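Student: what follows is a predicted protein model with its sequence.
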Amino acid sequence: MEVNKRLELTGLLQGVGFRPFIYQLCHRYQLKGNVLNNSAGVTIEIEGEVLQIDRLMKALYEELPPLARIDTLKSINGVIEGHKTFEIIQSTNESTKSALVSPDIALCEKCLDEMNDSTNRRYQYPFINCTDCGPRYSIVHTLPYDRPKTSMCFFKMCSACQKEYDNPLNRRFHAQPISCFDCGPQLSLKDAQGKVLSRNADALQRTVEAIKEGKIIAVKGLGGFHLLCDANNTQAIEALRNRKKRPSKPFAVMCLDGKSAETLVDMTAEEKSCLLSKEKPIVLMPKKDGSSLSDAVAPGIDRLGLFLAYTPVHYLLLQSLDRPLVATSANLSDEPIIHKAEEITLKLSHVVDAILDHDREILNANDDSVMQIVGKKTQFLRMARGFAPLNIQLPFKSKKKILALGGNQKNTLSLIIEDKLILSSYIGDLGSIEAFEYFERTLQSFERMYDFKAEVLVCDKHPEYETRKWAQTYLKKHPKIELLEVQHHYAHLLAVMAENKLDKEVLGFSFDGTGYGEDGRLWGAEVMLAGNHGYKRLHHLPFFRLLGGEKAIKEPRRSALSMLFEYYTLEEVLSMDVDVIQSFSMEEIILLHKAWERGLNSPYSSSAGRLFDAVASLCSLKHFVSYEGESGLAMEPYMDESIKESFLFSLKDDGEVDLKEMMDELIKVKETDIAISMFFNTLLEIIFSVSKNHPEHVLVFSGGVFQNRTLMNKVLNRAKEEGRKCLFQNTTAINDGGLSLGQAWYALQNI
């Protein structure tokens, strides 16, 4: 018996080879009809025997293309129309756009094999791609995802590429960036002032020679430029550090393949799986002793951020070089990744010796994703290329279009359209005009792609956050829009709840640098009973002053001194035999004590991040830092799991954790490994002392401090011992990059 069915699908279905997959299935099962992309997803009309349609429905899920994802499938019985064939028809334009754009994906194995095959017409072609790999988000202007709506619209396909593009049985059917030597983008090597020196194969060869000579080259990737140099060449790396004014922050390293990666790091099975995945993120792993890598790559820490070549250009360079490369994002401090050669010339001509550019425009810049494995689970420090935009299917439809603006650091945006939440790629810190312009460009891109106009705005409560200021300005122009403000640390916990679609109250631990509290002070280590509609603050670390405000972030010794001021008299502090006191002059200590007494440029904070700074300084590890999290990273190698003791503490009736006894003991301990181990053990005891009072609650952890792998592993192990369910973010950033997700989840539940 023949029937007619109309299948309406949503999910990640455009630009991922889904329509040719359906075409092939329908030919296999002798079904007639058509398939097309539209602004909501994909629509399939099929006619044929019921048994064959059932077989297609089973294969639909079992054989789904590697990049495709089905979120919803609606089946509607229709009337037989007498289709004679099965065909793929052109996309339609509709007023409401809710189809999902795919993230950029690393070069696939099939394309790599073709690129290395001397008989293939794309042998060593630096822009080879297919429906399973290559640029997507970075080149799309609007939806549906078709070539005329991407930056490939300027490249007219040659007859050979057109034939592949039009053939539903070809791997490159409707691969929008399809091209070859005859019709695709061109490489060009330029000097630091932008003058073209050579093109294509010669440009690649001259880039290889320059890197071998110790030069620093800006190379255009999928979502922006990297600064590349020889990772074995200390002189080249030191030159990069000096020119970029990056004295100690570790550089990421790119290598050719998994085999070469194994010579640089010790990796677990889970870490290897992440490294080799189709997304090719930067993965943080322990350094391997005795590797060829220069110590200047990641000085003073035992870890390395490593990733594999993910574009054809990267492969071609690394194949010729046969050595790992430092590959760091091309940008000025606190500014977004640069994606145009003209900006390299304008801003980094003093840093680079040459620029390897190409003429396929990057419409949406996108930095590299950074992740690590904690307790055999993934943890994102930066969710970007390969994973973002992230599309989350919601449990129900939103009444209104929601725009969540995130925070000021590690900013991201989240949009809710009906039953879809779209989390943007990492935007970055909004501390410069350029960074905020990038924020606005990203928002404009999403508004354009999805015909999106917010009906509800959600922001942080901090009055000085640029995102909140933007929301206030926007409201003046659009007074009918609803504004919700969500407390910073509550939003962190909501992000975990959103990722896990939780609808019950949890016991949440939100530890980070700082966030604006309900009392107007800077919170930073909060224990909350949190639900989808509100929270109750139970406990927090003690408040202490940040001497010099933001200056305290760069000088951990200021946090250490402030904590000493909290518990001891000035005379007692001056008489202490601790290294941090010797780092100041007596006059400086007296002046800072006056500032502490009067609260001059010294706001109170309960920050767990600053507590880490204070302990690192008191243990003589770090009095000054040049990048976020440096204190915690410096502490991790000193953790000795054989040390089980912890410092004393108490929980006050008002919810504050009293650390006076910890400080009394800490300043007496002279062995760094004992002091650091006892500090980590103390944090663990604080967490699980509180947890015992709430035995029925799921434990939830979020905030940048839980990026500390030593702390997080100890928490997970203890939770397992005590039989407690424990959740943290695994598919979104655990730091402030997850705030917009939590904000959006709150709005979804409360409008």
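Tutor: Looks like it came in fine. Quick caveat: nothing in here was measured; it's all calculated off a predicted structure. Numbering: from 1, shown residues only.

Student: so who does E665 touch?
Tutor: E665 makes contacts with F647, L648, M678, as judged by Cβ atoms under 8 Å, 6 or more residues apart in numbering. Backbone N, C-alpha and C define where each C-beta goes, glycine included.

Student: return the member of the residues you listed nearest to H339.
Tutor: Of all these, H339 sits closest to M678, with 46.8 Å by Cβ to Cβ.

Student: SS state for that closest one?
Tutor: At M678 the chain is in helix, as set by DSSP: H, G, I helix; E, B strand; the rest coil.

Student: quick one: stretch 732-743 to chain centroid distance?
Tutor: Centre-to-centre, stretch 732-743 and its host chain are 10 Å apart (Cα atoms, centre = their mean, to the nearest Å).

Student: end-to-end on that stretch?
Tutor: 14 Å (Cα to Cα, to the nearest Å).

Student: from now on call the first residue 13
Tutor: Okay, using 13 as the starting number, the last item reads as stretch 744-755.

Student: related to what we said a few turns ago, return the members of the contacts of E677 classed as buried.
Tutor: F659, M690 (16 or more other Cβ atoms under 10 Å).

Student: quick check, nearest of the contacts of E677 to K389?
Tutor: M690 (26.9 Å).

Student: and the helices in the stretch 13-162 of the chain?
Tutor: Ranges of helices in the stretch 13-162 of the chain, per DSSP state H, counting those that start in this stretch, are 30-40, 62-74, 121-127.

Student: right, I mislabeled it, should have said the stretch 163-312 of the chain
Tutor: 171-178, 212-224, 246-256, 270-273, 281-288.

Student: from the contact counts, what lies against the shortest one?
Tutor: This points to helix 270-273. helix 281-288, strand 315-320 (3 or more Cβ pairs under 8 Å, 6 or more residues apart in numbering; DSSP states H and E).

Student: quick one: strands adjacent to the last one?
Tutor: I take that to be strand 315-320. strand 265-267 (parallel), strand 294-298 (antiparallel) (DSSP bridges).

Student: how about those in TSV, adding distance to V309 and mean neighbour count?
Tutor: What follows is those, written out as TSV (distance: least, Cβ to Cβ, whole Å; neighbours: other Cβ atoms under 10 Å):
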stretch	distance to V309	mean neighbour count
strand 265-267	6	26
strand 294-298	13	23
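
Student: distance to Y639 and mean pLDDT for those - can I get that in CSV?
Tutor: Shown next, in CSV, are these (distance: least, Cβ to Cβ, whole Å; pLDDT from 0 to 100):
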stretch, distance to Y639, mean pLDDT
strand 265-267, 17, 98
strand 294-298, 14, 97
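
Student: got those as TSV, with distance to D515 columns?
Tutor: As requested, those are exported to TSV (distance: least, Cβ to Cβ, whole Å):
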stretch	distance to D515
strand 265-267	42
strand 294-298	33
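
Student: A366 is nearest to which of those strands?
Tutor: Comparing the strands paired with strand 315-320 under Cβ to Cβ, the one sitting nearest is strand 265-267, at 17.7 Å.

Student: got CSV for the helices of the stretch 163-312 of the chain, with mean pLDDT, distance to E494 and mean neighbour count too?
Tutor: Putting the helices of the stretch 163-312 of the chain into CSV (pLDDT from 0 to 100; distance: least, Cβ to Cβ, whole Å; neighbours: other Cβ atoms under 10 Å) gives the following:
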stretch, mean pLDDT, distance to E494, mean neighbour count
helix 171-178, 96, 45, 14
helix 212-224, 98, 52, 18
helix 246-256, 97, 43, 17
helix 270-273, 96, 49, 16
helix 281-288, 97, 40, 17
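
Student: can you say which of these is nearest to G621?
Tutor: Judging these by Cβ to Cβ, what sits closest to G621 is helix 246-256, at 24.5 Å.

Student: how far off centre is the closest one?
Tutor: With Cα atoms, centre = their mean as the basis, helix 246-256 stands 26 Å off its chain's centre.

Student: re the thing from before, Y177 is nearest to which of the helices of the stretch 13-162 of the chain?
Tutor: Once those are compared by Cβ to Cβ, helix 30-40 is nearest, at 10.8 Å.

Student: dump the closest one to CSV, keeping only the CA atoms.
Tutor: What follows is helix 30-40 as a C-alpha-only set of coordinates in CSV (Å, rounded to 0.1, in the frame of the first residue of the first chain):
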residue,chain,number,x,y,z
PHE,A,30,21.6,16.0,5.0
ARG,A,31,19.7,16.4,1.7
PRO,A,32,21.9,14.2,-0.3
PHE,A,33,21.7,11.7,2.5
ILE,A,34,17.9,11.7,2.2
TYR,A,35,18.2,11.5,-1.6
GLN,A,36,20.3,8.4,-1.4
LEU,A,37,18.0,6.8,1.2
CYS,A,38,14.9,7.4,-1.0
HIS,A,39,16.7,5.9,-4.0
ARG,A,40,17.7,2.9,-1.9
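
Student: returning to that earlier point: make TSV out of the helices and strands packed on helix 270-273 and add distance to Q405.
Tutor: Listed next are the helices and strands packed on helix 270-273 as TSV, based on distance: least, Cβ to Cβ, whole Å:
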stretch	distance to Q405
helix 281-288	23
strand 315-320	28
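
Student: closest one to H326 among those?
Tutor: Proximity to H326 (Cβ to Cβ) singles out strand 315-320 among the helices and strands packed on helix 270-273, at 8.3 Å.

Student: mind checking the pLDDT average for the closest one?
Tutor: Across strand 315-320, pLDDT averages out at 97.
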